[in-house]
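[1] okay, here's the prediction I keep looking at, along with the sequence it came from:
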Amino acid sequence: MKKKFIYELTIGILMLIAMLIFGPSGMAVAALYAGSIFLRREKLDERELQLFYKIGNITAGATLLACIVIFQFSDAILNGFQIGKNWLGLVVSCFFIAHGATGLIVFSRD
């Protein structure tokens, strides 16, 4: 399970960097998530399933917070990259980063 969260965190960081460098075409990094099917286990036990739902709830809150921050800075331009025009890619990369980081934190504590 930790491999999956490390993989998601890596994809999120790569996507964020690619979006800032290449613009909307940097969203292609999300296609790497298709490789996560090879990292899954067949069945989760009850404890892991509860932790996975907990991680999902924390990720939803973090993604909502990221949406608010992106909305507040939607008029900003960073090295020719307008945040308001590329909000979807930024939200997706924030989701991957939040889900991967939260998963690693929760599974390292328990």
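    That came through, no problem.
[2] got the contact list for Ile13?
    Residues near Ile13 by Cβ atoms under 8 Å, 6 or more residues apart in numbering: Ser93, Ile97. (Each C-beta comes from the backbone N, C-alpha and C, glycine too.)
[3] tell me the mean pLDDT for the helix or strand hosting it?
    In this assignment (DSSP states H and E), Ile13 forms part of helix 2-22. Here helix 2-22 scores 89 as its mean pLDDT.
[4] could you point out which element follows that helix?
    Downstream of helix 2-22 (by DSSP H and E), the next one is helix 46-72.
[5] which neighbouring elements make contact with that following helix?
    helix 87-109 (3 or more Cβ pairs under 8 Å, 6 or more residues apart in numbering; DSSP states H and E).
[6] for the helix it packs on, buried residues please.
    By neighbour count on 16 or more other Cβ atoms under 10 Å, the buried set for helix 87-109 is 89-90, 92-104, 107.
[7] ok, now stretch 48-58?
    Across stretch 48-58, burial judged by 16+ other Cβ under 10 Å covers Leu51, Ile55, Ile58.
[8] over to stretch 20-37?
    Leu20, Gly26, Met27, Val29, Ala30.
[9] ok, of those residues, which one's closest to Leu65?
    Of all the buried residues of stretch 20-37, Leu20 has the smallest distance to Leu65: 19.7 Å, by Cβ to Cβ.
[10] okay, now the closest residue to Leu104 other than its chain neighbours: neighbour count?
    Once flanking residues are discounted, Leu104 sits nearest to Phe5: 4.9 Å by Cβ to Cβ, 6 or more residues apart in numbering. As a burial measure, Phe5 scores 21 neighbours (other Cβ atoms under 10 Å).
[11] equivalent analysis for the one 5 residues further on, please.
    Applying other Cβ under 10 Å, we find 15 residues neighbouring Thr10.
[12] tell me who's in contact with it.
    Counting by Cβ under 8 Å, 6+ apart, Thr10 touches Gly100.
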